[in-house]
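Asker: Okay, sequence plus prediction incoming.
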There are 2 protein chains.
Amino acid sequence: MTDVLAPGSTIGILGGGQLGRMLSVAASRLGFKTHIFEPGANPPAGHVADRVTTAGYEDAEALSAFAAAVDVITYEFENIPTSALDLLESQKPIRPGREALRISQDRLTEKTFLQDLGLQTAPFADITDQASLDAALSEIGAPSILKTRRFGYDGKGQARIKSPEDTDEALASMAGAPSILEGFVNFSHEVSVIAARGVSGEIACFDPGENVHRDGILHTTTVPAKLSTGQRMDAVLMAGKILNALEYVGVLGVELFVTPQGLIVNEIAPRVHNSGHWTQNGCTVDQFEQHIRAVAGWPLGDGQRHSDVVMENLIGDDVDRIPELAKEAGCALHLYGKAEAKPGRKMGHVNRVVKAEG
Amino acid sequence: MTDVLAPGSTIGILGGGQLGRMLSVAASRLGFKTHIFEPGANPPAGHVADRVTTAGYEDAEALSAFAAAVDVITYEFENIPTSALDLLESQKPIRPGREALRISQDRLTEKTFLQDLGLQTAPFADITDQASLDAALSEIGAPSILKTRRFGYDGKGQARIKSPEDTDEALASMAGAPSILEGFVNFSHEVSVIAARGVSGEIACFDPGENVHRDGILHTTTVPAKLSTGQRMDAVLMAGKILNALEYVGVLGVELFVTPQGLIVNEIAPRVHNSGHWTQNGCTVDQFEQHIRAVAGWPLGDGQRHSDVVMENLIGDDVDRIPELAKEAGCALHLYGKAEAKPGRKMGHVNRVVKAEG
């Protein structure tokens, strides 16, 4: 491919969930087709994609045919097996690139990377066994939290340690997986920056959103976030530093804790991010189109926001509220087309347009 | 079907052009799947639909299978053959209903319907031959315009009559098709109202937009339109009258001429309308979602507008401007995924978000 994808080209998306679905819709606005690669049947993204490949990440033949059929490859989640990435990358460019995936797939690598950039993180330590956990706990202190280094999301693969007596159980719950101990950060609130970097290195950030979690899952994002002008600038500069260090192409989510000692990076996600869904109804170019623009080598949108928005996730049986939400003025529904509502499953979200910017 | 369609249901759309494409995207936001029926290959709507049937409107087997696979049927254009509608309607509800199609498929029927409702139209007369044309011209006067009663759009099937000498050529250009002579209206500008009526009879209108045409094709729509408060109210009342008379379900476009003698109805379109594309970037619920809500039996959005917008159509080689438009701040691109740009072909549009409402 050339660096700039012409309308009519096909963007391959690894993963067929709601993020792939909304990426696919955004791609259509720019005249692109999408091709979804997803092991699971009836993926939400497939309802709005030109093509769907249903195959596993170990299926070399399917991966190769997928790569042959698309012009560029992107993804909606970071835990893609390395072997699949190696095969795909031998045929077509993957954007964002491998370095972002390598780093974000492993909490220890990620925290080390951020620290090396001079950014603040929670105190952390590599945990390999009971002895390293005991040593780390005596340094970092309780309460703290033990997490698997890989494959964790939405609070899964995590165990709180309130006192040294909890270490046995916490370590057992890791089931032998390489882990990391993270100290608690005393923060007033969490914000996130949805930042993008284009092929030619330009950067654009959306206004930071303020996140509230429930049961380890994002509940609401409110824009604008409670931040001083200085904090806002810091957030953007931090995101820019990360994007440039990774020579990143696409949208990146950066979660930040707001503390009296400054902003502390909680984690980064090399993809469109749940806390950026508000952009669909607050901005002319939303995070999904911004990501597509970047991976297609197009100019980025400038991140301009026209309205204040509160995004609320619809989890599990929140779907029972759809009839009421559909009646609510100024409330934009975004449902994911998932067949079955399960506890903790993200079924959709609403964006409440609170007030237009004057 | 029950009156209210549950998420996960399938909406059948007759026609696979850009309107079907944007309807399909809107349907996905509410968790619906879409199935496109379209005779032409590689339809733009197919890129973002769950299923596509490629078949002609005379293919009873394909029509029947399509109807069996969907929960409700809607359409993106009004010139659907009656035989196809008869077959489809015997299996599944068609929304908006047959009466709206019957009336809007024929300019003479439409104008008579509007007049019977007490609404102002341009002077018109049924033309069957040279004698009726001569008689009509002497009453309506020149300049006037001869149009085929059926199958006209974007200025096609029309001939201007500047003086009585033009009648021979004008009539010949109709090629024997039943025609209507319309007098010119002395109007200052054209506006349109995108109005919706739900299954239970509730009505919601978007703010009227002001339309500028070039070469018989819509060029720009600007919102808000230049209208007094009284004119705005008139426009909404007129649209409501039409919707109720038709027991309409869905979105209807009403084009109005603004004159010192009041608003004159130019034409109505029983579908989402090019002059309503601005709603995609000006409203929380756009015209496409509004239409889907109506045909699915859902509550309508209230039509609330958060921003001023200027919509500009991209016609033919306007596609050459895409790289520049992609760079423009506050400019939302909407491309239709059509393979080839031809003169007069609608390739996409841009919505410029001019100013947020304070």
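Answerer: Right, received. Where do you want to start?
Asker: all strands for the stretch 251-358 of chain A, in order.
Answerer: In the stretch 251-358 of chain A, the strands defined using DSSP state E, counting those that start in this stretch lie at A:262-269, A:307-315, A:331-335, A:346-356.
Asker: now for the ones you listed, which one comes closest to residue A:27?
Answerer: Residue A:27 sits nearest to strand A:331-335 of all these, at 16.4 Å, using CB to CB. C-beta: built from backbone N, CA, C; applies to glycine.
Asker: Packing partners of that closest one?
Answerer: helix A:279-282, helix A:322-327, strand A:346-356, helix B:18-29 (3 or more CB pairs under 8 Å, 6 or more residues apart in numbering or on different chains; DSSP states H and E).
Asker: Please work out which of those is packed deepest.
Answerer: Stretch with highest mean neighbour count among the helices and strands packed on strand A:331-335: helix B:18-29 (a mean of 28; mean count of other CB atoms under 10 Å in any protein chain shown).
Asker: Now do it, average pLDDT.
Answerer: What helix B:18-29 shows for mean pLDDT is 98.
Asker: can you check stretch A:105-125 too?
Answerer: For stretch A:105-125, mean pLDDT rounds to 96.
Asker: One more: stretch A:280-293?
Answerer: Per-residue pLDDT over stretch A:280-293 has a mean of 97.
Asker: Equivalent analysis for stretch A:172-184, please.
Answerer: So the average pLDDT for stretch A:172-184 ends up being 92.
Asker: And that stretch, end to end?
Answerer: Length of stretch A:172-184, first residue to last, CA to CA, to the nearest Å: 21 Å.
Asker: So what touches it?
Answerer: For stretch A:172-184, contacts defined as CB atoms under 8 Å, 6 or more residues apart in numbering or on different chains pick out A:107-108, A:111, A:122-128, A:133, A:136-137, A:140-141, A:143-151, A:157, A:159, A:161, A:171.
Asker: ok, 6 Å please
Answerer: Contact partners of stretch A:172-184, identified using CB atoms under 6 Å, 6 or more residues apart in numbering or on different chains, comprise A:107-108, A:122-125, A:127, A:136, A:140, A:143-149, A:159.
Asker: Figure out which of the helices and strands packed on strand A:331-335 is closest to residue B:38.
Answerer: Nearest of the helices and strands packed on strand A:331-335 (CB to CB): helix B:18-29, 7.4 Å.
Asker: burial measure for the nearest residue in space to residue A:96 that is not next to it in sequence, as a count.
Answerer: The shortest distance from residue A:96 to any non-neighbouring residue, by CB to CB, 6 or more residues apart in numbering or on different chains, is to residue A:250 (4.1 Å). Around residue A:250 sit 26 other residues, with neighbours defined as other CB atoms under 10 Å in any protein chain shown.
Asker: What of the one 3 residues further on?
Answerer: Using other CB under 10 Å, residue A:253 is surrounded by 22 other residues.
Asker: So which bits of chain A are right by chain B?
Answerer: A:7, A:25, A:28-31, A:33, A:47-48, A:50, A:284, A:298-299, A:302, A:304, A:306-307, A:326-327, A:329-330, A:332, A:334-335, A:337, A:353, A:356-358 (CB under 6 Å from any CB of the partner chain).
Asker: ok so, going back, could you dump the helices and strands packed on strand A:331-335 to TSV with distance to residue A:41?
Answerer: Shown next, in TSV, are the helices and strands packed on strand A:331-335 (distance: least, CB to CB, whole Å):
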stretch	distance to residue A:41
helix A:279-282	27
helix A:322-327	24
strand A:346-356	18
helix B:18-29	18
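Asker: closest to residue A:217 out of those?
Answerer: Residue A:217 sits nearest to strand A:346-356 of all the helices and strands packed on strand A:331-335, at 7.6 Å, using CB to CB.
Asker: can you give me the angle that closest one makes with strand A:331-335?
Answerer: Angle, strand A:346-356 to strand A:331-335, by axes from the mean of the first three to the mean of the last three CA atoms, to 10 degrees: 160 degrees.
Asker: Point out the other elements, helices or strands, that strand A:346-356 touches.
Answerer: Applying 3 or more CB pairs under 6 Å, 6 or more residues apart in numbering or on different chains; DSSP states H and E, we find strand A:346-356 packed against helix A:279-282, strand A:307-315, strand A:331-335.
Asker: okay, the first one in PDB with CA atoms only?
Answerer: Spelled out, it's helix A:279-282. Only the C-alpha atoms of helix A:279-282 are listed here, as PDB (Å, rounded to 0.1, in the frame of the first residue of the first chain):
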ATOM      1  CA  THR A 279     -16.800  11.800  21.000                       C
ATOM      2  CA  GLN A 280     -19.500  10.200  18.900                       C
ATOM      3  CA  ASN A 281     -21.900  12.900  20.000                       C
ATOM      4  CA  GLY A 282     -19.500  15.600  21.100                       C
END
